[in-house]
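Undergrad: Mind folding the following:
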Amino acid sequence: MTPDQTAAIDGVLGDAIRDIGIPPRPMILDSIGAEMLKETPDFHRLASLISSDVSLAAGLMKTANSPYFGFRFRARTVSQALMMLGLDVSSRAVAGLILRKVFVSVPALERFWDASARIAMVSGWLAQELGPRNGIRAEEAYTFGLFRDCGIPVLMRKFSDYGATLKAANETVEQRFTDVEDAQHPTNHAMVGCLLAQSWWMPEETCLAIRHHHDNFALAAAHGGLPASAQRLIAMVQLAEFLFQTATGLSATREWDKLGDACLRLLDVSPDGLATLTSGTREVLAHADA
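TA: Okay, here's the model as predicted:
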């Protein structure tokens, strides 16, 4: 790609961010990114930055103490959480925590954020349960679980009638979710979420997975056009959402009917394996509520 092409793409991205209202990348992510590039990162400086925001500090420690990481000791301070998680995982966790804070002014999203957090948790656990054969780390699945639907609050804030569109998209049996959105609005949450993830420096596989997570064609192993890692990310978090819905009866959609077979094939999960995972999900969610 030439410099002129890169500049043109950056210009389109910038215009889209301004027009749709995608929030800019938080400064703390710039600080974490700068430290990650140093030969000897300053964990104490980062801990001080994060500790200046009580909710970020508490959220990072809660992440470090989540059951799917399986650390023997609990983090009692931000510094301990940073050391336990490492800068890469910590930056992803902080980005997810900030995401919710950015959209605090958008009404009626408490259930959305709660479901996203729980699906992310199940996604991280699922990555461990399915093992290394899928090549997805727990923190990668967790991050994608948090950011997969991040375009929804952006569109909720931008369009007053988006709630009705979202309801219709969740209930459609045959149409692709994003096609319902595109029929009513200039864009859809998958595209907006991809733009947000790109502007917040999320990994390329995460951005691609966000862009295509409602696209059954993209999940086709032979001709999907996506890297295998992005396909498996989509499949794993879609499975996590299905398991969450089955275990709780909440946040029902029709997406598993459209994407489920492709997801199980990509993850090599059998019907018996699915039943075992469903039981395990109930235990994970019960542990989280304890």
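Undergrad: low-confidence ranges in the stretch 51-200 of the chain?
TA: The stretch 51-200 of the chain contains residues with pLDDT under 70 at 67-69, 105, 107.
Undergrad: Helices along that one, start to end?
TA: Taking DSSP state H, counting those that start in this stretch to define them, one finds helices in the stretch 51-200 of the chain at 54-64, 78-102, 110-130, 138-147, 151-158, 162-171, 177-184, 189-199.
Undergrad: from those, which stretch is densest packed?
TA: Mean neighbours per residue, mean count of other CB atoms under 10 Å, is largest over these for helix 138-147, with a mean of 26. Backbone N, C-alpha and C define where each C-beta goes, glycine included.
Undergrad: what's that one packed up against?
TA: If you count contacts as 3 or more CB pairs under 8 Å, 6 or more residues apart in numbering; DSSP states H and E, helix 138-147 packs onto helix 78-102, helix 110-130, helix 189-199, helix 204-211, helix 228-248.
Undergrad: if you set the cut-off to 6 Å instead, what comes out?
TA: Applying 3 or more CB pairs under 6 Å, 6 or more residues apart in numbering; DSSP states H and E, one finds that helix 138-147 makes contact with helix 78-102, helix 110-130, helix 228-248.
Undergrad: Tell me which of the helices of the stretch 51-200 of the chain sits nearest to residue 239.
TA: Nearest to residue 239 among these is helix 110-130; the distance by CB to CB comes to 6.5 Å.
Undergrad: The closest one to helix 138-147, inter-axis angle?
TA: Computed with axes from the mean of the first three to the mean of the last three CA atoms, to 10 degrees, the direction of helix 110-130 lies at 160 degrees from that of helix 138-147.
Undergrad: Off-centre distance for helix 110-130?
TA: Centroid separation between helix 110-130 and its chain, computed with CA atoms, centre = their mean, to the nearest Å, is 9 Å.
Undergrad: Touching, residue 97 and residue 58? I think so.
TA: No. Counting by CB atoms under 6 Å, residue 58 is not a contact partner of residue 97; they are 9.1 Å apart.
Undergrad: Can you verify my assumption that residue 188 contacts residue 178?
TA: Yes. Assessed by CB under 6 Å, residue 188 is found in contact with residue 178 at 4.0 Å.
Undergrad: And residue 278, which helix or strand is it part of?
TA: Element membership of residue 278, judged by DSSP states H and E, is helix 271-289.
Undergrad: what angle do that helix and helix 228-248 make?
TA: Computed by the same axes, to 10 degrees, the angle between helix 271-289 and helix 228-248 is 70 degrees.
Undergrad: what about residue 159, neighbour count?
TA: Neighbourhood size, residue 159 [other CB atoms under 10 Å]: 17.
Undergrad: For it, which non-adjacent residue is closest in space?
TA: Spatial nearest neighbour of residue 159, excluding adjacent residues (CB to CB, 6 or more residues apart in numbering): residue 185 at 5.8 Å.
Undergrad: what do you get for residue 83?
TA: Of all residues not flanking residue 83 in the chain, residue 43 sits nearest, at 6.4 Å (CB to CB, 6+ apart).
Undergrad: Give the full set of residues in contact with residue 109.
TA: Going by CB atoms under 6 Å, 6 or more residues apart in numbering, residue 109 touches residue 153.
Undergrad: ok, now how distant is it from residue 207?
TA: From residue 109 over to residue 207 the distance is 22 Å, taken as CB to CB, to the nearest Å.
Undergrad: just to revisit the earlier point, can you tell me which of the helices of the stretch 51-200 of the chain is nearest to residue 267?
TA: Closest approach to residue 267 among the helices of the stretch 51-200 of the chain (CB to CB): helix 110-130, 6.1 Å.
Undergrad: Now residue 257: closest residue in space, sequence neighbours ignored.
TA: In this structure, residue 257 finds its nearest non-sequential neighbour in residue 173, 7.0 Å apart by CB to CB, 6+ apart.
Undergrad: Near the one you found, how many other residues are there?
TA: 7.
Undergrad: and what of residue 271?
TA: Residue 271 has 8 neighbouring residues, counting by other CB under 10 Å.
Undergrad: per-residue pLDDT, it?
TA: Residue 271 carries a pLDDT value of 87.
Undergrad: so how many other residues sit close to the residue nearest to residue 83?
TA: Using other CB under 10 Å: residue 43 sits among 17 other residues.
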